[in-house]
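A.B. asks: One predicted model, sequence on top.
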Amino acid sequence: MPVLGAFVAVALVVGLGHAAATARPQVSASPEAPPIVAPHERETNDNGDAVREGRDYAFQGRINGKPIHWSCSNSIPVAIEGKVPAGAAAALEFVVDRLAAASNLPLTIEPGTALRDDGNGAIRIRYVDEGEPAYGMKVSGSVVGKGGPTYSSSGVIQSGRVIVRNDMDPTTPTGQQVLMHEIGHALGLDHSQEGLREVMTPTSPHDAKPVLGPGDRVALAAVGC
Ligand SMILES: [Zn+2]
């Protein structure tokens with residue numbers, strides 16, 4: 001299985017997130033923005049350093065200094081559309097539970113048929129073959145998944161879309177990690193630096209696990225409720 005070499009690219013950053021940013025000129029990531037994490041929420045990484053934006057975690061964009069984020073007012077349906085591979089429903093339940101616990105976002109798993117036709121207000125997921133288009137995205141080569149949000153000019157995420165390659169078996173820790181990572185993009189997270197024990201690391205080691213790292217947790221709290 002070629003994608004599970006020493007390192008597997010989990011995703012190009014956000015097809016959709018970046019498309020939305022291009023369409024809306026005010027959207028820009030601001031590296032100088034002050035840290036949005038209150039001191040009492042700081043966590044340390046494996047080296048004992050306080051986690052830091054730009055290394056241990058990142059956001060896909062900031063509007064007026066605040067990371068783009070979902071509204072806390074309405075439940076956020078998360079659904080697999082189309083064919084659901086064996087074990088994917090259980091994997092989704094597991095990763096959404098972890099992401100909701102870390103963010104306090106009102107994520108709810110729904111059947112794909114329950115979504116509005118336009119998918120607004122929801123995170124839509126499809127398992128795809130290599131090269132198969134879905135939601136205007138494709139995965140090929142070493143890329144095993146993609147995900148991202150669309151968001152308004154006020155920085156509120158309107159929808160999320162995720163594709164995961166069918167050979168990322170959702171019954172395996174790696175398959176679960178890929179699913180969790182791509183949903184993380186749909187929640188507004190970008191990549192940590194490479195080589196860290198974060199779900200949002202740009203590539204997925206062969207022993208990847210769906211376990212949130214300290215940077216993941218700080219970022220999820222920051223985009224959360
Ligand atoms: Zn990614």
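C.D. replies: Structure's in. What do you need?
A.B. asks: which secondary structure elements does the longest helix seen in the chain contact?
C.D. replies: If you go by DSSP state H, the chain has its longest helix at helix 88-103. Helix 88-103 sits against strand 76-81, strand 107-109, helix 173-186, helix 214-222, with contacts defined as 3 or more C-beta pairs under 8 Å, 6 or more residues apart in numbering; DSSP states H and E. The C-beta positions use only the backbone N, C-alpha and C, and glycine is treated the same way.
A.B. asks: For the protein, which segments count as strands?
C.D. replies: All strands of the chain, identified by DSSP state E, fall at 7-9, 58-59, 62-63, 66-67, 76-81, 107-109, 123-128, 145-151, 157-165, 189-190, 203-205.
A.B. asks: The ones you listed: which one's closest to residue 217?
C.D. replies: strand 189-190 (11.0 Å; C-beta to C-beta).
A.B. asks: in its sheet, what does the closest one sit against?
C.D. replies: Paired strands of strand 189-190, with direction, are strand 58-59 (antiparallel) (DSSP bridges).
A.B. asks: what about the strand it pairs with, distance to the chain center?
C.D. replies: 11 Å (C-alpha atoms, centre = their mean, to the nearest Å).
A.B. asks: Any part of that strand near the ion?
C.D. replies: No. Using C-beta under 5 Å from the ion, strand 58-59 never reaches the ion; the gap is at least 10.4 Å.
A.B. asks: what sits up against that strand?
C.D. replies: Applying C-beta atoms under 8 Å, 6 or more residues apart in numbering, the contact partners of strand 58-59 are 29, 53, 67-68, 188-192, 200, 219, 222-223.
A.B. asks: re the thing from before, same list, the strands of the chain, but as TSV with mean neighbour count please.
C.D. replies: Putting the strands of the chain into TSV (neighbours: other C-beta atoms under 10 Å) gives the following:
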stretch	mean neighbour count
strand 7-9	18
strand 58-59	21
strand 62-63	18
strand 66-67	20
strand 76-81	22
strand 107-109	17
strand 123-128	24
strand 145-151	27
strand 157-165	25
strand 189-190	28
strand 203-205	20
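A.B. asks: Wait, residue 174 touches residue 208, no?
C.D. replies: Yes. Look at residue 174 against residue 208 with C-beta atoms under 8 Å: they come within range, at 4.8 Å.
A.B. asks: Give the residue spans of the protein that score low on pLDDT.
C.D. replies: In the predicted model of the chain, residues 1-43 satisfy pLDDT under 70.
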